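Undergrad: based on what follows, work out the 3D shape:
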Amino acid sequence: PSLSKALGELLERLDFQPDVVVGHSAGAAIAMRMAIDGLIEPRQIVGLNAALLPFGGSLRSIIAPMTQLFATTRLMPALIARRARDPKAIRRVLAGTGSRLDEDGVACYQRLLQRENHVAAVLSMMASWALEPLIADFDRVHTPLCLVVADGDKAVSPREGERVANRLSDARVVHMQGVGHLAHEEQPAEVASIIKGAVL
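TA: Numbers count the residues shown, from 1 in each chain. Reported below is the predicted structural model:
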C-alpha cells in the first residue's frame, strides 16, 4: 500500500492518469492495489509474470526473516553491490529467474546491482511485502486483467496465473514459451504484441 500511495501521489503531481498499466512481477500487485484504492482507473492492467501470491510453506518462513534482517543493516547491500562486480555472479542470478539475456542485458543488471541504495531499497521492499490484504480484496478488482505467464519462469510459477485468474471476475491468461521471469527483456516484440492485443 505504501508504494501504491507513493505512485498515486506522483501521478497526481504529474497530472497524469494512465489508460493502460503494465506491471512486471511485484509491479502487477502494485498496479492492482492502486486500482482497488481508486488511485488509478485504467481500462486494462497487464501483469507480466505477476507475483500476486505469497511464497508458501517453509520457503516463506525462511525468506521473510532473512529479508527483514538484511533490510536493517547496510552490510548486505554493500556485499551484494561488491559481488555484482563479477559478471559471472550476475549471470547466475539471472539464470535463477529462468531467463537468458544478452551481454547488454547482463551489463545493465550489473550496473544496477552495484548501486547500494537500489539494493537496500529492494531488500526493504521485500521485508515489508505482504500480499494477504491484496488477496483479500481480489473481489474488488474490477479492471480487466491480462496475466502473461512464461513457461520457464523460475521466480513465479506460471501456474499462479491460472489460480489468480480463477478468483477474479475479468481476467485471462496468456502463455509464453521458451522464456523466463524476464520475458519482456528476452522477447520484447512478442510481449509488446501481447500488450497491444490485450488493449485493442
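Undergrad: need the strands for this protein, in chain order.
TA: When secondary structure is read from DSSP state E, the chain shows strands at 20-24, 44-48, 145-150, 171-176.
Undergrad: so can I have JSON lines of the ones you listed showing mean pLDDT?
TA: As requested, the strands of the chain are exported to JSON lines (pLDDT from 0 to 100):
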{"stretch": "strand 20-24", "mean pLDDT": "98"}
{"stretch": "strand 44-48", "mean pLDDT": "98"}
{"stretch": "strand 145-150", "mean pLDDT": "98"}
{"stretch": "strand 171-176", "mean pLDDT": "98"}
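Undergrad: CSV please, covering those and showing distance to residue 75 and mean neighbour count.
TA: In short, each C-beta sits where N, CA and C put it, glycine included. Below are the strands of the chain laid out as CSV (distance: least, C-beta to C-beta, whole Å; neighbours: other C-beta atoms under 10 Å):
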stretch, distance to residue 75, mean neighbour count
strand 20-24, 29, 19
strand 44-48, 32, 24
strand 145-150, 34, 26
strand 171-176, 38, 17
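Undergrad: reformat these as TSV; add distance to residue 109.
TA: Below are those laid out as TSV (distance: least, C-beta to C-beta, whole Å):
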stretch	distance to residue 109
strand 20-24	14
strand 44-48	17
strand 145-150	18
strand 171-176	20
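Undergrad: find the nearest non-adjacent residue to the residue sitting nearest the centre point of the chain, please.
TA: Nearest residue to the geometric centre of the chain (C-alpha atoms, centre = their mean): residue 25, 1.8 Å. Leaving out its chain neighbours, the residue that sits closest to residue 25 by C-beta to C-beta, 6 or more residues apart in numbering is residue 51, at 4.7 Å.
Undergrad: the one you found and residue 32 touch, don't they?
TA: No - with contact defined as C-beta atoms under 8 Å, residue 51 does not count as touching residue 32 (11.0 Å).
Undergrad: compare the two (neighbour count), which wins?
TA: Counted by other C-beta atoms under 10 Å, residue 51 and residue 32 do not tie: residue 32 has more neighbours, with 27 against 20.
Undergrad: what pLDDT is listed against residue 18?
TA: The score at residue 18 is 97. That number is its pLDDT.
Undergrad: can you report how many residues lie near it?
TA: 15.
Undergrad: what do you get for residue 82?
TA: Neighbour count of residue 82, defined by other C-beta under 10 Å: 12.
Undergrad: any weak-confidence spans in the protein?
TA: Filtered on pLDDT under 70, the chain yields the residue ranges 55-73.
Undergrad: for it, which segments count as helices?
TA: Chain-ordered helices for the chain, with DSSP state H as the definition, fall at 2-14, 26-36, 57-71, 75-83, 87-95, 103-113, 116-127, 132-136, 159-165, 183-186, 188-199.
Undergrad: for these, which one sits closest to residue 148?
TA: Taking C-beta to C-beta as the measure, those were each checked against residue 148, and helix 188-199 came out nearest at 5.7 Å.
Undergrad: that closest one vs strand 145-150, what angle?
TA: Compare the direction of helix 188-199 with that of strand 145-150 by axes from the mean of the first three to the mean of the last three C-alpha atoms, to 10 degrees and you get 160 degrees.
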